[in-house]
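**Q** from the sequence below, what's the structure:
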Amino acid sequence: MWFELLSRDYDADAAAERVAALGGSVFMGPHDTPYGRLVAAADCTGAPFNLMDPTRTVADPG
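**A** Predicted coordinates for the structure are as follows:
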């Protein structure tokens, strides 16, 4: 299975809420990683993707 990773400077928590509001699903909520704050989600057709805010890492919680 392939996963798209969309990475940019945005609020991963707000993005997860927006995905759900637009009919998608979040199957791994926002969490901090060494590489950034990550969300695993799927669009309304079930296509999976990941969203990452690289400006927030475990070393820099916010």
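**Q** helix, strand, or coil at Y10?
**A** The three-state label given to Y10 by DSSP: H, G, I helix; E, B strand; the rest coil is coil.
**Q** where does this protein have low pLDDT?
**A** 1-3, 59-62 (pLDDT under 70).
**Q** all strands for the chain, in order.
**A** Applying DSSP state E to the chain gives strands spanning 4-7, 25-33, 36-42, 48-53.
**Q** next, format those strands as a markdown table and append mean neighbour count and distance to R18.
**A** All C-beta spots, glycine's among them, are computed from the backbone N, C-alpha and C. Shown next, in a markdown table, are these (neighbours: other C-beta atoms under 10 Å; distance: least, C-beta to C-beta, whole Å):
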| stretch | mean neighbour count | distance to R18 |
| --- | --- | --- |
| strand 4-7 | 12 | 13 |
| strand 25-33 | 14 | 10 |
| strand 36-42 | 20 | 10 |
| strand 48-53 | 19 | 10 |
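**Q** so for A15, which of those sits nearest?
**A** strand 48-53 (5.1 Å; C-beta to C-beta).
**Q** sorry, back to before: dump the strands of the chain into JSON lines; add distance to A16 as well.
**A** Shown next, in JSON lines, are the strands of the chain (distance: least, C-beta to C-beta, whole Å):
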{"stretch": "strand 4-7", "distance to A16": "13"}
{"stretch": "strand 25-33", "distance to A16": "5"}
{"stretch": "strand 36-42", "distance to A16": "5"}
{"stretch": "strand 48-53", "distance to A16": "7"}
